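In: structure for the following, please:
(one chain, ligands or ions: 1)
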Amino acid sequence: MTDLLKSYATVVGPAVIEQLRQLALLLQHLRVVHVNSTRLGGGVAEILEKLVPLMRELGIDTRWEIITGNPEFYHCTKAFHNGLQGKAVEIPTEWLANFEAINAVNAERLRPVLEEADIVFIHDPQPAPLLRLLPKRQGRWIWRCHIDINRPHRPIWRYLRNFVKDYDASIFSLAAFAQPLPHPQYLIPPSIDPLSEKNVDLSEAEIAEVCREFGIDRERPVILQVSRFDRFKDPVGVIQAYRLAKAYLPSLQLVLAGGSASDDPEGEAVLAEVRQAAGNDPDAHILLLPPDAHRTINALQRAADVVLQKSLREGFGLTVTEALWKGKPVIGGDTGGIRLQVIDHHTGFLVNTPEGAALRIRYLLHHSEKRREMNLKSREFVRENFLITRHLREYLALMVSLMYQAEDRIELV
Ligand code: UDP
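Out: Now for the predicted structure:
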């Protein structure tokens, strides 16, 4: 066993790693390519950064390619994202033409790699047209949707479905996201890497240093939300909840830590709204962090008493699992992938409004024994369900089933 695999064995046990090795034996030297639209920022990049080296470690020839576009391309794909999550967006036809033209340019650039790959994972809508643009492809192509597509705005899904329907399979994070499609659909929730900078244990001194740097007082309660500045993450709702709770708990501090993703053009506007909502409250810390500030985020999550992820729609929400792994109770929006992770009253609370969130903040900050009880459950819950080793096992099983035409070997929708 290599050193990297051994280090995971210390977290999940050697049997889990042995199972991965057995499955990977059926896939040795296969050429696998993952394609998405950013290397930094957001959950997809966070996952691929760790999943790709592990697949290589298991003897699978794995590459990670990104497609690039012009500003109009990212405005269009952000509108897709908003539309798939239920917003009634209208996309100008020039944007759609540009979207397809940019994909054609990327298809030319990636043609040699993608045409000869045995398995291609296309993540989210941005690169979805690549399949149609490469008719001489040899391998099996899988569309991996990370978005909360529970109730999509129909015209947007109709347009994208045209590209997606020709794939050999698709993967969703939740049964509620599955769509009528003419191919097998698999359910595979995302995961975190317990050994990444984002999630490794940190010393008290390092946590204290990060708090000092940002002027966070560790003697007073801290609530935290980490997320891109995106309206679906409801950062303004978090500020409202904080205000309502602070009326009863004057010592309360809020940290809203976010950054940008290179494929998300709306971040700046949302950050401006957030800054305006926060006003000049010295206890409301709005932190704009670089996309690789993983250890800083890790320290903030560990410093928090309660973590929020008050999203209005959420594909999964890695930030929830990150907090649960650190033993923090999470107050999460009652939506999408958050429902898989926040088990109401056990690992946290599900809420629908800023008022509801404020009540739960007050409750948790007043009941340290409930926080401790949740802490104990949360870490084990994540170990069983949301670590990268489980995620990898399911990807390997899916690849085996596609390569050996044995779809019945793994659970299908
Ligand atoms: N993240 C980060 N810096 C930020 C905001 C988020 O590193 O300023 C990380 C966060 O810790 C998580 C990922 O980006 O690992 C976001 O994934 P999630 O599934 O929560 O949301 P997405 O951005 O994919 O919608």
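
In: who's in contact with the residue in the stretch 251-400 of the chain that the ligand sits nearest to?
Out: Proximity of the stretch 251-400 of the chain to the ligand (C-beta to the nearest ligand atom) peaks at Gly259, 3.0 Å away. For the C-beta atoms, the positions are set from N, CA and C on the backbone; glycine is no exception. With contact set as C-beta atoms under 8 Å, 6 or more residues apart in numbering, Gly259 has these partners: Gly41, Arg228, Gly267, Leu288, Leu289, Pro290, Pro291, Ala293.

In: and the residues you listed, which two are furthest apart?
Out: Farthest pair in the contacts of Gly259 (C-beta to C-beta) is Gly267 and Ala293. Separation: 14.8 Å.

In: wait, Tyr404 sits on Leu30?
Out: No. Using C-beta atoms under 8 Å, Tyr404 makes no contact with Leu30, being 11.6 Å away.

In: compare the two (neighbour count), which wins?
Out: Comparing Tyr404 with Leu30 by other C-beta atoms under 10 Å, the one with more neighbours is Leu30, at 18 against 11.

In: roughly how far does the spatially closest residue to that one that is not a sequence neighbour sit from Ile67?
Out: Among residues not flanking Leu30 along the chain, Asp118 sits closest, at 4.6 Å (C-beta to C-beta, 6 or more residues apart in numbering). Per C-beta to C-beta, to the nearest Å, Asp118 is found 20 Å from Ile67.

In: look at those two and report which has more neighbours.
Out: Between Asp118 and Ile67, counting by other C-beta under 10 Å, Ile67 is the more crowded of the two (23 against 18).

In: and the closest residue to that one other than its chain neighbours, how far is that from Ala284?
Out: With sequence-adjacent residues excluded and distances taken as C-beta to C-beta, 6+ apart, Ile67 is closest to Asn106, at 4.1 Å. Remark: distance between Asn106 and Ala284 (C-beta to C-beta) = 41 Å.

In: more crowded one of these two?
Out: A count of neighbours by other C-beta under 10 Å puts Asn106 above the other of Asn106 and Ala284, at 24 against 21.

In: what's the following helix or strand after the helix or strand where that one lies?
Out: Secondary structure from DSSP states H and E places Asn106 in helix 93-116. Moving toward the C-terminus from helix 93-116, the next helix or strand (DSSP H and E) is strand 119-123.

In: at contact distance from the ligand, anything in that next one?
Out: No. Strand 119-123 stays clear of the ligand (C-beta under 6 Å from any ligand atom), getting no nearer than 10.7 Å.

In: and Gln405, what pLDDT?
Out: What the model reports for Gln405 is a pLDDT of 77.

In: just give me the neighbour total for it.
Out: Counted with other C-beta under 10 Å, Gln405 comes out at 9.

In: name the SS class of it, please.
Out: coil (DSSP: H, G, I helix; E, B strand; the rest coil).

In: got it, and Val255?
Out: Once three-state DSSP is applied, Val255 turns out strand.

In: in contact with the residue lying closest to Asn375 once chain neighbours are set aside, which residues?
Out: Leaving out its chain neighbours, the residue that sits closest to Asn375 by C-beta to C-beta, 6+ apart is Gly327, at 3.7 Å. Gly327 sits next to Asn375, Leu376, Ser378, Arg379 when contact means C-beta under 8 Å, 6+ apart.

In: for PyMOL, what selects the buried ones among those residues?
Out: Buried subset of the contacts of Gly327, written as a PyMOL selection, criterion 16 or more other C-beta atoms under 10 Å:
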select buried, resi 378+379
